[in-house]
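>>> Build me a model:
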Amino acid sequence: MKPHVSEYPAYYHRYIESVGEDDVRPVFTDQVEYFTRLMSTMTDEDALFRYAEGKWSVKQVIGHLIDCERVFAYRAMCIARGETQALPGFDENAYVANASFDQRPIAHILDEFVAVRLGTILLYDSLSSVEQLLSGVANNNPVTVRSLMWIIAGHTQHHLRVMAEKYGVTNDE
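Numbers count the residues shown, from 1 in each chain. Now for the predicted structure:
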């Protein structure tokens, strides 16, 4: 069941609403399959494409998805385990700037995305319905474990849409 708007910061509403299902679990697996098909034929040169100066390359967008998924899943795990301390925010632009995504083969980045997503799926599967409703503070905002899982899926949906619209990367079959 989708999280209620009271379970997450308003900023994330667009991500959560972009997930059209009432169960996030199949969205996680569908995204892995879609993403794998989408990126498996892309060359390293193609993956360096930027739609405008100062914008991230395709490799960097995928790296950003990996970094964010790790952060959001970590937050979910911490809150589910009873963490009472506020969890820090992060600067996604600095994370991308300090990573070497453009120097890595796209196949390795794709493998990393799949591995991180599988870890997220395993974490999600391990959470009880009670744990999913636990609330904590991340980046100075109250958030539930459940909403963090939906944010992960919605964030990926958002960037798949951006990749289609701005980068021309689609999986039209």
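>>> what about stretch 48-59, average pLDDT?
Averaged over stretch 48-59, pLDDT sits at 96.
>>> What's the local residue count around the nearest residue to Asp46 once chain neighbours are set aside?
Counting by CB to CB, 6 or more residues apart in numbering, Asp46 lies nearest to Val58, which is 7.1 Å off, once chain neighbours are set aside. All C-beta atoms are positioned from the backbone trio N, CA, C, and that covers glycine. Using other CB atoms under 10 Å, the number of residues around Val58 comes to 23.
>>> Can you list the low-confidence ranges for this structure?
172-173 (pLDDT under 70).
>>> what about the helices in it?
13-18, 24-40, 58-80, 92-97, 106-126, 129-132, 145-167 (DSSP state H).
>>> Could I get the buried residue list for the last one?
This points to helix 145-167. Within helix 145-167, the residues that qualify as buried by neighbour count (16 or more other CB atoms under 10 Å) are 145-157, 159-160, 163, 167.
>>> my guess is Phe163 contacts Val58, does it?
Small correction: residue 163 is Met, not Phe. Yes. Met163 lies in contact with Val58 (CB atoms under 8 Å); the separation is 6.9 Å.
>>> hey, what's in contact with both of those two?
Val169 (CB atoms under 8 Å, 6 or more residues apart in numbering).
>>> who's in contact with the nearest residue to Pro3 once chain neighbours are set aside?
Leaving out its chain neighbours, the residue that sits closest to Pro3 by CB to CB, 6+ apart is Ser147, at 3.9 Å. Residues near Ser147 by CB under 8 Å, 6+ apart: 3, 7-8, 12, 16.
>>> So the residue lying closest to Tyr15 once chain neighbours are set aside versus Gly54, what's the distance?
Excluding its sequence neighbours, the residue lying closest to Tyr15 (CB to CB, 6+ apart) is Gly154, at 2.9 Å. Distance of Gly154 to Gly54, computed by CB to CB, to the nearest Å: 25 Å.
>>> swap in Tyr95?
Noted for Tyr95: a distance of 16 Å to Gly54, by CB to CB.
>>> Looking at the two, which is more packed in?
Counted by other CB under 10 Å, Tyr95 and Gly54 do not tie: Tyr95 has more neighbours, with 17 against 5.
>>> Surely that one touches Asp67?
Yes. Between Tyr95 and Asp67 there is a contact under CB under 8 Å: 4.8 Å.
>>> Now list whatever residues contact both of these two.
Common neighbours of Tyr95 and Asp67 (CB under 8 Å, 6+ apart) do not exist.
>>> Kindly export stretch 134-154 (C-alpha atoms) in CSV.
These are the backbone C-alpha positions of stretch 134-154, laid out as CSV (Å, rounded to 0.1, in the frame of the first residue of the first chain):
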residue,chain,number,x,y,z
LEU,A,134,8.3,2.8,11.8
SER,A,135,9.3,6.5,11.5
GLY,A,136,12.6,8.3,11.9
VAL,A,137,14.3,11.5,10.9
ALA,A,138,16.4,11.7,7.8
ASN,A,139,17.8,15.0,6.4
ASN,A,140,15.8,16.8,9.1
ASN,A,141,12.5,15.4,8.0
PRO,A,142,10.3,12.7,9.5
VAL,A,143,10.0,9.7,7.2
THR,A,144,8.7,6.1,7.4
VAL,A,145,10.5,2.9,6.3
ARG,A,146,7.7,2.2,3.8
SER,A,147,7.9,5.7,2.2
LEU,A,148,11.7,5.3,1.7
MET,A,149,11.1,2.1,-0.3
TRP,A,150,8.5,3.9,-2.4
ILE,A,151,10.9,6.8,-2.8
ILE,A,152,13.6,4.5,-4.2
ALA,A,153,11.2,3.1,-6.8
GLY,A,154,9.8,6.5,-7.7
